[in-house]
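Novice: Show me how the following folds:
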Amino acid sequence: VGDIVPVHSVLVVYDLGGAGGGAEAHAPAPTEKKKDDGPAATAVGDIKEDLPGMSLFASKPAAAAGTNGHAAHAAPQPSSYFNEKPLATPATRQLARTLGVDLRTVPPSGPSGRVTKTDVQQLASGGGLATHAPAPAHARAPQAEAPAAPARSYAPQAITSTAVSGAEPDERTALRGVRKRIFEGMTRSKHTAAHFTFVEEVDCEGLVALRERLKPAADKAGVKLTYLPFITKAVVAALKKHPSLASAFDEATNEIVTRKSRNIGIATSTEAGLIVPVVRDADRKSILDIARDIARLGEDAKAGKVRPEDLGGSVFTITSLGAQGGLFATPILNFPEVGILGVHQMKEKPVVKNGQIVVGKVMLLSLSFDHRIIDGHVGAAFAYEIIGYLQDPDRLFLEMA
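Specialist: The predicted model follows:
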């Protein structure tokens, strides 16, 4: 009592009686499942273990194929224990690991079909019955048969059509082209990123007034000035204060990459589906320049003529829901980006100003973030940074490059 012993030393060895007579005494189930390091691995004091689908105390010895494709060798003396987990002391198991011997191939000679150290040494020296030498324990892969193909977590769902008299047959469309890319991209984003959404409203009185003042100049330049260029510029200004929102996770190197470009994706609906053309270097462009880019990208997208250089490389995406803005939404990230802004329809609503209820121009923003990289308070601070610029849009001119 009180002595210090080396790790993995044998502390207790249980000697179980033969299986010939008397009632079978089942050992209590272990309270914690141990990690299996191979066929010879065991916890100190753990002599036997139930195998899935097998009774520990088998009435007859079972013949089974080895996990490496070789037939398991039958012991010369029938054992009361299933040979896939042979009976042996921890010291014998340690010796087998050292010598690179698979205990399942060792003919037992001990009481009750127990494998002894002598049995292991004889097989290691070539005196046993095994016809092949197993690989050393440290070089063996876990004893699990790999499936031929990755298993689904669910059975594929087949859609069957129910014939109805006089009804038109169901129409089936192959998943291809833009829709296939959307399908794959959305699935990957939703199943990879840890989405969370933050929703807040914006008092747009100042933004409406500024746009009205600038519209004549934009019309003269031949540019239709919407609210989206202002929102894009507000996002760029907020990214300057919160650069982590321009991050992406590099799965190949396991690194978070903070990108320095300010290429902003503008989600655009087309007949073929949703695509995301990109406004390049939005931090270096004026609101009028951004308006030109957005107009050109939108026209090209709807005509199906988007150039390859106008796609990909965005660090943040804006999706405008326009007239179908709804109350709020939960936008799905344009993976591998970590943030996306959903812009809803501007509506007249009662607001309180200086203690008085007045009619205000209010717009809701729905922002989704990847919670693996963006903490909740960071996402909220970024949202309020955007809102600050939209409620006081004259500040945007101070952010011009």
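Novice: Could you look up the next helix or strand downstream of whatever helix or strand V351 lives in?
Specialist: Secondary-structure element containing V351, defined by DSSP states H and E: strand 347-353. In the C-terminal direction, the helix or strand that comes right after strand 347-353 (DSSP H and E) is strand 356-370.
Novice: So which residue is smack in the middle of the chain?
Specialist: In the chain, the centroid-proximal residue (CA atoms, centre = their mean) is T192; its distance is 3.2 Å.
Novice: Distance of it relative to I266?
Specialist: 23 Å (CB to CB, to the nearest Å). All C-beta atoms are positioned from the backbone trio N, CA, C, and that covers glycine.
Novice: How about the residue nearest to the centre of the chain, nearest residue that isn't a chain neighbour?
Specialist: F335 (6.4 Å; CB to CB, 6 or more residues apart in numbering).
Novice: Name the residues that touch the strand holding V351?
Specialist: Contacts of strand 347-353 with the rest of the structure, by CB atoms under 8 Å, 6 or more residues apart in numbering, involve D203, I357, V358, V359, G360, K361, V362, M363.
Novice: Now flag whichever of those residues is closest to A282.
Specialist: Of all the contacts of strand 347-353, the one with the least separation from A282 (CB to CB) is M363, at 20.1 Å.
Novice: Which residues lie in contact with the nearest residue to the closest one once chain neighbours are set aside in this structure?
Specialist: Counting by CB to CB, 6+ apart, M363 lies nearest to M346, which is 4.3 Å off, once chain neighbours are set aside. For M346, the set of contacting residues under the criterion of CB under 8 Å, 6+ apart consists of C204, V208, Y227, K361, V362, M363.
Novice: isn't the last one right up against Q345?
Specialist: I take that to be M363. Yes: the pair M363 and Q345 passes the contact test of CB atoms under 8 Å, sitting 7.3 Å apart.
Novice: Which one's more surrounded, these two?
Specialist: When neighbours are counted by other CB atoms under 10 Å, M363 comes out ahead of the other of M363 and Q345, with 21 against 15.
Novice: Distance of that one relative to E205?
Specialist: Counting by CB to CB - M363 and E205 are separated by 11 Å.
Novice: one step back: farthest pair in the contacts of strand 347-353?
Specialist: Looking across the contacts of strand 347-353, with CB to CB as the criterion, the two at the greatest separation are I357 and M363, at 18.7 Å.
Novice: who wins for most neighbours among the contacts of strand 347-353?
Specialist: Busiest of the contacts of strand 347-353 [other CB under 10 Å] is M363, holding 21 neighbours.
Novice: List the beta-bridge partners for it.
Specialist: V202 (DSSP bridges).
Novice: the helices in the stretch 201-350 of the chain, which residues?
Specialist: Along the stretch 201-350 of the chain, counting by DSSP state H, counting those that start in this stretch, helices occupy 205-220, 228-241, 287-302.
Novice: Name the residues of the first one that are buried.
Specialist: By 16 or more other CB atoms under 10 Å, the buried positions in helix 205-220 come out as G206, L207, V208, L210, R211, L214, A218.
Novice: Next: the second one.
Specialist: Along helix 228-241, the positions that meet the burial threshold by neighbour count (16+ other CB under 10 Å) are L228, P229, F230, I231, T232, K233, A234, V235, V236, A237, A238, L239.
Novice: With stretch 272-281 instead?
Specialist: So, applying 16+ other CB under 10 Å, buried residues of stretch 272-281: L274, I275, V276, P277, V278, V279.
Novice: from these, which has minimum pLDDT?
Specialist: For those, the model is least confident at L274; its pLDDT is 86.
Novice: Let me see the contact set for that residue.
Specialist: I182, A267, T268.
Novice: quick one on the thing from earlier: adding distance to R262 and mean pLDDT, write the helices of the stretch 201-350 of the chain out as a markdown table.
Specialist: Supplementary listing: the helices of the stretch 201-350 of the chain in a markdown table, determined by distance: least, CB to CB, whole Å; pLDDT from 0 to 100:
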| stretch | distance to R262 | mean pLDDT |
| --- | --- | --- |
| helix 205-220 | 21 | 94 |
| helix 228-241 | 5 | 96 |
| helix 287-302 | 11 | 93 |
